[in-house]
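J.: Whatever this is, show me its structure:
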Amino acid sequence: MLSTILRRARQISRRLHVRVILFAVLNLVALALAKLISPIVPDWLGDRIGAEAVDPILSIIASSMLAVTTFSLTIMMAGLHRASSQWTPRSHLILREDTVTQSVLSNFLGAYLFALVAIILRAADVFDHRDIVVLFGMTLVVVALIVVSFIRWILHLEGLGSLPETAEQIEDKATDSLQRIASHPCKGANPLTDPNTQIPQDALMITAPQHGYIPQLFEEALQKLASDNDLRIYLVTSVGRYLHKGDPLAFVSTPSGALDDGLKDDITECVQISDLRSFEQDPVFGVAVMAEIATRALSPGINDPGTAIDVVYRLGHLVSLAAPQGVDVPEVKYDRLWVPPLDLAELFNTSFDPICRCAGDAVEVHLALQNALSGVITHAAPELSKEAWKMADICRARAETMISFPADIARLREVAVTRQADTD
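T.: So this is what the prediction gives:
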């Protein structure tokens, strides 16, 4: 259960308002600590550092930080709009969780609240001469935090919403998800490869309580429920699938052949259903968003094959991570849980196939597709190599129907022949 709690806490911490509130509360706690620390401050230091040293700094922070925070929010929204409109609408799912942006905004707003509350307490004569010394020290810390935040913000703005920054962040998310799948296939559960034979005939069906995607599942919580109640849980839908209300979600095998409503609700709560997909446990979504950047670049209004080629080679690297060579399959960690494995054919169909369809007669993009898939065939695991072969043949056949210039078709076929020779 610890990993489930930590994952939920990590996801909550990525929300902007949570981090802003946390930093604001910490700054208010710092003011409260001033009263506790002040008794150890020498009287001579309290006489030397007075209100005239603190009040001007607090006034400057209070008058400037609110405007800076508002302006920074405007910049953030402009960056989100730029990435969503130019690259892919799904990019905002990553950019809104950008830790640098969240930290900077939290520091700015926290500094404003710190100064505002401190001015109010000063006006109410809450602080004596020794409290002011502590307040002065904390104010200097806040000023240093503001300076560091400004520097981080300026450096971060250089790439906020740009194509290289957006593509890199999406690739990083997809990489994490694919590496997690490679190290723990089926989320650490038993592979459900043949539901008709693996699921007992007397298993009870649990249906989806609402419409939506499955962005993630909490496998450790499901394992605990199964262990505590002597169950066998068979999830028949993969992460990333869209379910209609009433569609089969899971089958549960029980010794008694019955399952109470409370336990059904506990199981469905461990399989999250949402309006949006997530990158964390859904590698297909990650490569799909990467492919959207390429298809957008190949649209007639943009006509940027260079971006598409860059994305193609990124995708070649990504899909190779799904099943790297020389990696032993780990032991099953959740022995009472069955989960469908990653569909490798869907991984290729979602990533390379849309780019090939949109490439038209851009032979340079088709050549990049063949080269990227050749790399997967050569260096990836056999199961990936097999799917890469299929996709390479599909892409070549489709390209030949779209390219009319004979010399370009000959170049494409030459690459295919070279691929055959390299793998023989």
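
J.: after the longest helix belonging to the chain comes which helix or strand?
T.: Using DSSP state H to define each element, the chain has its longest helix at helix 51-86. Past helix 51-86, heading to the C-terminal end, the next element that is a helix or strand (DSSP states H and E) is helix 92-95.

J.: If you count neighbours, what's buried in the next helix or strand after that following helix?
T.: Downstream of helix 92-95, the first helix or strand assigned by DSSP H and E is helix 99-123. By neighbour count on 16 or more other C-beta atoms under 10 Å, the buried set for helix 99-123 is 101-119, 121-122. Bear in mind the C-beta positions are built from the backbone N, C-alpha and C, glycine included.

J.: Residue 336 reaches residue 227, doesn't it?
T.: Yes. Applying C-beta atoms under 8 Å as the test, residue 336 and residue 227 come out as touching, 6.1 Å apart.

J.: the more surrounded of the two?
T.: More crowded of residue 336 and residue 227, by other C-beta atoms under 10 Å: residue 336, with 19 against 13.

J.: Tell me which residues touch that one, please.
T.: 223, 226-227, 231-233 (C-beta atoms under 8 Å, 6 or more residues apart in numbering).

J.: where along this protein do the strands fall?
T.: 189-191, 204-207, 212-217, 232-235, 242-243, 248-253, 271-274, 334-339 (DSSP state E).

J.: Comparing those strands, which comes out most buried?
T.: For those, the stretch with the most neighbours on average is strand 232-235, a mean of 24; neighbours defined as mean count of other C-beta atoms under 10 Å.

J.: what separates that strand from the chain centre, distance-wise?
T.: Computed by C-alpha atoms, centre = their mean, to the nearest Å, the chain-centroid distance of strand 232-235 equals 27 Å.

J.: Tell me, how many residues neighbour residue 344?
T.: Counted with other C-beta under 10 Å, residues neighbouring residue 344 total 18.

J.: Could you measure from the residue nearest to it when sequence neighbours are not counted over to residue 175?
T.: Beyond its immediate neighbours in the sequence, the residue positioned closest to residue 344 (C-beta to C-beta, 6 or more residues apart in numbering) is residue 387, lying 4.7 Å away. Per C-beta to C-beta, to the nearest Å, residue 387 is found 19 Å from residue 175.

J.: more crowded one of the two?
T.: When residue 387 and residue 175 are compared on other C-beta under 10 Å, the one with more neighbours turns out to be residue 387, at 23 against 16.

J.: Tell me who's in contact with that one.
T.: Contacts here follow C-beta under 8 Å, 6+ apart; on that basis residue 387 touches 344-345, 347-348.

J.: okay, now the spatially closest residue to residue 362 that is not a sequence neighbour: neighbour count?
T.: Taking C-beta to C-beta, 6+ apart, and ignoring the residues beside it in sequence, residue 362 has residue 305 as its nearest neighbour in space, at 4.8 Å. Other residues lying near residue 305 total 19 when counted by other C-beta under 10 Å.

J.: close enough to count as contact, residue 305 and residue 366?
T.: No. Counting by C-beta under 8 Å, residue 305 does not reach residue 366; the two are 10.0 Å apart.

J.: Can you name the residues bridging to residue 190?
T.: With DSSP bridges applied, the residues forming beta bridges to residue 190 are residue 338.

J.: May I have the predicted confidence score for it?
T.: Reading off the confidence values, residue 190 has pLDDT 92.

J.: Distance check, it against residue 230.
T.: Residue 190 sits 16 Å away from residue 230, going by C-beta to C-beta.
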